[in-house]
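> 3D model of this:
(2 chains)
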Protein chains: 2
Amino acid sequence: MNAIHIIAPQSGAAFELKKGDVLTVIDPMGQQVSDMVLFNKEDLKERISSGKTMDFEESILLTKGNFLWSNRSNKMMEIRDDTNGRNDFLLAPCSPETFQIMYDNPTYHPSCLENLHRNLMSYGIELDDIPTAFNIFMNVKFDEKGKLSVLPPTSKPGDLVRFKAEMDLIVGLTACSAEDSNGGTFKPIHYIITDGNGFLTEQS
Amino acid sequence: MNAIHIIAPQSGAAFELKKGDVLTVIDPMGQQVSDMVLFNKEDLKERISSGKTMDFEESILLTKGNFLWSNRSNKMMEIRDDTNGRNDFLLAPCSPETFQIMYDNPTYHPSCLENLHRNLMSYGIELDDIPTAFNIFMNVKFDEKGKLSVLPPTSKPGDLVRFKAEMDLIVGLTACSAEDSNGGTFKPIHYIITDGNGFLTEQS
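Model (predicted):
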């Protein structure tokens, strides 16, 4: 039993949460993004939706007090704490094509989409079913004309975001693989799972 | 053969486009939103993605010159003309739950999600597979803190957006059913399909 789970740089993990469990995602070294996707454990066709979340929360930016919603208009998680305060829900997980198309890089490059799929496939989740992720610590700037720029995260070592599960969930989580999103270097992501009383759960 | 297709207020349509076809979506009376979703006709698991589109186009706001991208990082449509110039790609299609949760309306209310599904189901597309739509003429304001407000469309009678298909597509299109998005009244949406040479296609 190890309280702190470690996601190595440019990799990912998948795990279950019970309703009421608390997931704490930590940026141990600072300036590291973590992409998170959610599926209803009882019916994988229900999944996290950026469009429904921004609609119900009436905001592009989501932090403490906001909920993450599903494509079926159900609450999947509540954001209970956010010591950094800047996350993104606009941009899709980086994929092999991201690096070919945006960065003109023809060779293999690790990506969040691949790392999410690699870990979620054992739950029966297919590549095409992975939606736009909630990008923890990601710092996407927008101006009044809607122009987007990806800046280094503002997160410092030890910054964390804490989520409470509002239903039984399958979670996919990464340490993001894109140079631009992470200040040019790749760091690990740590996470801890506790139950509603603050005790470590069986899978912790 | 009728050149102009009419979508009645608070309803929808679904149809096919061949690669190179041009779809013109017209707001005949002004201030009317039309939600549009796209699927690759050859493989319905490939569909329009707000997250991929905002990533590749580096903008929240999309207009003439921008492309609409799929979850597999392929171009699905190019926006060739946009006489109004304001569309939305943040918010999910209004659904029965939208009216219950956001507007505290417990009774039945027509919605874009239902109208999209009703028309797309004959192509084998399920409710859960309908992604965040490209909301033509929709006027969603955001401030520097990310706060969102739905305003009446700025579109005037006869305003249009013209799209060129970049692959063979199944298209779902609505005349939106939400009071707030349409200046409080429900109007029809018109559309025309032509081939790359400007001639009406067989289904027109």
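> Up against chain B, what does chain A have?
With Cβ under 8 Å from any Cβ of the partner chain as the criterion, chain A meets chain B at residues A:45-46, A:49-52, A:54-56, A:58-61, A:71-73, A:90-93, A:95, A:97-98, A:101-102, A:126, A:128, A:131-133, A:142, A:144-149. For every residue, glycine as well, the C-beta is placed using N, CA and C.
> contacting residues around stretch A:18-28?
Under the criterion Cβ atoms under 8 Å, 6 or more residues apart in numbering or on different chains, residues A:4, A:17, A:34, A:36, A:77, A:80-81, A:84, A:136-137, A:153, A:155-168, A:171, A:173, A:187-196, A:198, A:201 lie in contact with stretch A:18-28.
> Go again with 7 Å.
A:17, A:34, A:80, A:136-137, A:155, A:157-168, A:171, A:173, A:188-196, A:201 (Cβ atoms under 7 Å, 6 or more residues apart in numbering or on different chains).
> Look at A:Asn115 and give its secondary structure.
What DSSP: H, G, I helix; E, B strand; the rest coil gives for A:Asn115 is helix.
> Tell me what the closest residue to it other than its chain neighbours is bridged to.
If you skip the residues right next to it in sequence, A:Asn115 has A:Gly12 as its closest partner in space, 3.3 Å away by Cβ to Cβ, 6 or more residues apart in numbering or on different chains. Counting by DSSP bridges, A:Gly12 forms beta bridges with A:Thr174.
> gap between A:Gly12 and chain B?
Using Cβ to the nearest Cβ, to the nearest Å, one gets 17 Å for the distance from A:Gly12 to chain B.
> residue contacts, that residue?
Taking Cβ under 7 Å, 6+ apart as the definition of contact, the neighbours of A:Gly12 are A:115-116, A:118-119, A:172-174.
> cutoff 8 Å now
The neighbours of A:Gly12, taking Cβ under 8 Å, 6+ apart as the test, are A:112, A:115-116, A:118-119, A:172-175.
> quick one: which two of the residues you listed are the most distant?
Every pair in the contacts of A:Gly12 was compared (Cβ to Cβ); the two farthest apart turn out to be A:Arg118 and A:Ala175, at 13.1 Å.
> of the two, who's got more company?
A:Ala175 (26 against 16; other Cβ atoms under 10 Å in any protein chain shown).
> close enough to count as contact, that one and A:Pro9?
Yes - contact status for A:Ala175 versus A:Pro9: in contact at 5.4 Å, counting by Cβ atoms under 8 Å.
> Start and end of stretch A:51-69, how far apart?
9 Å (Cα to Cα, to the nearest Å).
> ah, wrong one, I meant stretch A:136-149
With Cα to Cα as the measure, the first residue of stretch A:136-149 is 16 Å from its last.
> what do you get for stretch A:42-50?
Start and end residues of stretch A:42-50 are separated by 21 Å (Cα to Cα).
> same check, this time on stretch A:35-49
14 Å.
> residue ranges with poor pLDDT in chain A?
For chain A, the stretches with pLDDT under 70 are A:1-2, A:202-204.
> ok, the residue positioned nearest the centre of it - contacts?
When Cα atoms, centre = their mean is applied to chain A, the residue found nearest the centroid is A:Met36 (2.0 Å). For A:Met36, the contacting residues are A:25, A:48, A:133-136, A:171-174, by Cβ under 8 Å, 6+ apart.
> So what's the residue count around the closest residue to A:Phe89 other than its chain neighbours?
Counting by Cβ to Cβ, 6+ apart, A:Phe89 lies nearest to A:Ser50, which is 4.7 Å off, once chain neighbours are set aside. A count of neighbours around A:Ser50, defined by other Cβ under 10 Å, yields 30.
> quick one: A:Ser50 and A:Asn87 touch, right?
No - with contact defined as Cβ under 8 Å, A:Ser50 and A:Asn87 do not form a contacting pair (11.5 Å).
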